[in-house]
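In: sequence isn't available, so here's the structure alone:
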Ligand SMILES: Nc1ncnc2c1ncn2[C@@H]1O[C@H](COP(=O)(O)OP(=O)(O)OP(=O)(O)O)[C@@H](O)[C@H]1O
């Protein structure tokens, strides 16, 4: 089941009292894809972090599939993240001492015993689908920037999450690699009926999403669905 997203009266305020995010309403259906656009410092990453439960809102609700994640305990929120979200960050956060396959299958380390083998198998399959099928055993520090992003995508998909949240997944890549990875990401999300939300400065990647939202000064100032 892919949970729908419902964000209501969301505010994030810095310790100094500055409003970083002010979103009265944002809803997204299961399986929809959304690009978050906007100038540097607009609040895009902050929104992604709040949606993932990594940052707690100062006010408002972030409801995934009927559950306000701010109301969960820290443990329950961590479980929600593990079971529901695939996270892809700009700098990948790969573990250098692990192989490509070790990184892609990382979710297996935190999963119940019965899910471990399926996750490792899925990790190998996603690596293959992303063109790295022969390279699973190689240490991750030997890969190029584009390949590392692909490993991060395989890792996000390996646990079979219904939702993928990505922060500038193509930022470090040249045009050709950015286009190829963007196309793969959107295709793989659509094939699995997954929701995909990505922060991006890349107009070509944004155009692949079903919906585009622009954020300025912490507020939604443009919405292609409005
Ligand atoms: N914990 C924090 N305390 C104070 N200010 C913060 C905090 N986190 C983020 N900010 C500020 O909030 C604003 C929005 O930051 P955010 O990282 O969300 O922007 P962004 O739109 O993702 O930018 P970029 O495209 O450069 O990544 C910035 O001015 C940033 O300095």
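Out: Yep, that arrived. Given the structure is predicted, the values throughout are model-derived calculations rather than measurements. Numbering: from 1, shown residues only.
In: so which bits of the protein are right by the ligand?
Out: 14, 20, 38, 40, 41, 42, 43, 44, 45, 46 (CB under 6 Å from any ligand atom). Just so you know, the C-beta spots here come from the backbone N, C-alpha and C atoms, and that holds for glycine as well.
In: which outside residues touch stretch 93-104?
Out: With contact meaning CB atoms under 8 Å, 6 or more residues apart in numbering, stretch 93-104 is reached by 106, 120, 123-124, 126-127, 132, 135-141, 143, 147-148, 151-152, 154-155, 158.
In: what do you get for stretch 163-176?
Out: 2-3, 5, 44-45, 48, 51-52, 64, 84-91, 145-146, 149, 152-153, 156-157, 177-178, 181-182, 185, 189, 194-202, 205.
In: rounded mean pLDDT for that stretch, please.
Out: The predicted model gives stretch 163-176 an average pLDDT of 87.
In: what comes up buried for it?
Out: Neighbour-count burial for stretch 163-176 flags 163, 164, 165, 166, 167, 168, 169, 170, 171, 172, 173 (criterion: 16 or more other CB atoms under 10 Å).
In: before we move on, back to that, give me the buried subset of the contacts of stretch 163-176.
Out: The buried subset of the contacts of stretch 163-176 - by 16+ other CB under 10 Å - is 2-3, 5, 44-45, 48, 51-52, 64, 84-90, 146, 149, 152-153, 156-157, 177-178, 181-182, 185, 189, 194-200, 202, 205.
In: helices of the chain, residue ranges please.
Out: Assigned by DSSP state H, the helices in the chain fall at 44-52, 74-84, 100-104, 113-129, 145-158, 175-191, 203-207.
In: what is the fifth one packed up against?
Out: The one in question is helix 145-158. If you count contacts as 3 or more CB pairs under 8 Å, 6 or more residues apart in numbering; DSSP states H and E, helix 145-158 packs onto strand 85-88, helix 100-104, helix 113-129, strand 163-167, helix 175-191.
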